[in-house]
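Just need the structure, nothing else, for what follows:
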Amino acid sequence: MQSYIPYINTLHSLFSTGVVKTASQTSDGVRVYGKLHCCLYKSKMARHLADMHEGEVGVANVLSLPKNSQKWLDAWELLRKKGDFYHNTEVLQMGEGQLIVVRRPSDGNKVTVHEYGICTDCLGFFVVEDLWRHNKICVHGGRKQQDDETRGNFERNSRLILLPFLSDANNLLHQHVISRTKQDSISMVAKTDQIILTFGQSSYNKLGAEQAVYISQRMQQLARLLLELRKLSPGRDSLKDFITSQDFDVIVKAIESLINFNDETREVGVPSLGLKVGYALKKCCHIVKGEGLHQHCQASIEKAQYLLELLESDWPEHVSVHALQTLGERRYNKPTVLPVTEDLLIRDFLEVEMEKAMTGSGDQQKQFGPGL
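Residues are numbered from 1 along each chain as shown. Just a heads-up that it's a prediction; the model follows:
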């Protein structure tokens, strides 16, 4: 008998309840493989894509591949997962329905929706703890797991992709972060640019109101970057306009100006800022990619993906290496302050008082017995 597990979506207050369908077995204990999928172009999934949707670009690309080849099978699988992805996002927005996951939980296991995330390459829904493992074998990614990526990165990127589908009316960011920010030109940019707002929303969902000052600082760092980009490339106002691989060099120049990079000495005036903005830009790429999926805009998806690959491959050479080298040199050259005579006298006094306290404690234990 098939069962349904109700979930409470704790990621966002807009959602109510829905279900995750579990795997079922026959009376003999044999697993039933009866999972349904959703078509990317219609409401239900069936073997009709080649007949009913041969005019669609995605289907036409698959039909051009050698039939029954591995590429042919992988391409059909990607179309199927995309259909399931858009169905699942509708379930999350409505707060009711069934999530179609790649691997259903066994019957009787309690599963909540926040335990699931998506692969940013194939868009399949997996248990969050298994995303890093799936990344190693995902044939749609074009790259494998990097050494410097942790398991938490996959969950973070998954949330960023889903964020455009989930956040519509949350005023907590404005109440706890934006309203308390100093009103100047930088904060004006931070609270009017949609990508920076979505970045702040993502940070708020993760950190909460307790880290409002930190969230505001990260948003203002991106706002300062956007102001520099506007100086170098007038006519473009949104950070999204610069999320493209063609603007990678412009972004590097804006960062060098922002962190006071010296071309002659290769030193960085504010090295930590370069590192933080680099991480924030990667998050922004995932946000733009999620918006592209939301709007069915393949161009936005490709622009964000190409820039993300450049940030992962070329950003260390242009920014991170110099920033880390400057930090190391400053740490090495930092003078060690030796204690003065007054500090030594205070230390001796504290040691004597501690000895007296410990001796008094021992005498009291002998007087009243070991039980007290």
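
separation between residue 215 and residue 324?
Residue 215 sits 25 Å away from residue 324, going by C-beta to C-beta, to the nearest Å. Quick note: C-beta positions are derived from backbone N, CA and C, even for glycine.

likewise residue 348?
In terms of C-beta to C-beta, residue 348 sits 41 Å off from residue 324.

And residue 215 and residue 324? Which one has more around it.
More crowded of residue 215 and residue 324, by other C-beta atoms under 10 Å: residue 215, with 25 against 15.

who touches that one in this structure?
Contacts of residue 215 were listed using C-beta atoms under 8 Å, 6 or more residues apart in numbering, and they are 173, 177, 200, 203, 204, 207.

what's the nearest residue to it if we skip its chain neighbours?
Excluding its sequence neighbours, the residue lying closest to residue 215 (C-beta to C-beta, 6 or more residues apart in numbering) is residue 203, at 4.6 Å.

by contact count, what packs against the helix or strand containing residue 325?
Using DSSP states H and E, residue 325 maps to helix 321-333. Helix 321-333 makes packing contacts with helix 271-294 when contacts are defined by 3 or more C-beta pairs under 8 Å, 6 or more residues apart in numbering; DSSP states H and E.

After the helix it packs on, which helix or strand is next? Please name it.
Next along from helix 271-294, by DSSP H and E: helix 298-313.

can you state the direction angle for that next one and helix 271-294?
150 degrees (axes from the mean of the first three to the mean of the last three C-alpha atoms, to 10 degrees).

What's the mean pLDDT across the following helix or strand past helix 298-313?
Downstream of helix 298-313, the next assigned helix or strand under DSSP H and E is helix 315. In this model, helix 315 has a mean pLDDT of 91.

got it, and stretch 242-257?
94.

Stretch 82-98 now?
Across stretch 82-98, the per-residue pLDDT values average to 79.

re earlier: how much space between the residue nearest to residue 215 and residue 214?
Taking C-beta to C-beta, one finds residue 203 at 8 Å from residue 214.

Just want to know which of the two has more residues nearby.
With neighbours defined as other C-beta under 10 Å, residue 203 and residue 214 compare such that residue 203 has more, 21 against 12.

Which pLDDT value does the model give residue 16?
The model's pLDDT for residue 16 equals 37.

Ignore what I typed, I meant residue 232.
With respect to pLDDT, residue 232 scores 93.

show me the contacts for it.
Applying C-beta under 8 Å, 6+ apart, the residues near residue 232 are 250, 253, 254.

same thing with residue 260?
So residue 260 contacts 268, 269, 270 (C-beta under 8 Å, 6+ apart).

phi, psi of it?
With angles defined as degrees, to the nearest 10, residue 260 sits at phi 60, psi 60.

Report pLDDT for it.
Looking at residue 260, its pLDDT is 91.

now the one 3 residues further on
Residue-level confidence at residue 263 comes out at 85, pLDDT.

cool, and the one 4 residues further on?
What the model reports as pLDDT for residue 267 is 88.

Now it. Nearest residue, chain neighbours left out?
Nearest non-adjacent residue to residue 267, counting by C-beta to C-beta, 6+ apart: residue 326, 5.4 Å away.

just how off-centre is the strand or helix carrying residue 250 within its chain?
Take DSSP H and E as the rule and residue 250 turns out to sit in helix 248-258. Remark: helix 248-258 is offset 23 Å from the chain centroid, using C-alpha atoms, centre = their mean, to the nearest Å.

repeat for stretch 271-281
Relative to its chain's centre, stretch 271-281 lies at 15 Å (C-alpha atoms, centre = their mean).

Over to stretch 252-268?
27 Å.

Between the two ends of that stretch, how far is it?
Distance across stretch 252-268, first residue to last, is 13 Å (C-alpha to C-alpha, to the nearest Å).

Show me which positions of that stretch end up buried.
For stretch 252-268, a neighbour-count test (16 or more other C-beta atoms under 10 Å) marks 252, 253, 254, 255, 256, 258, 259, 261, 267, 268 as buried.
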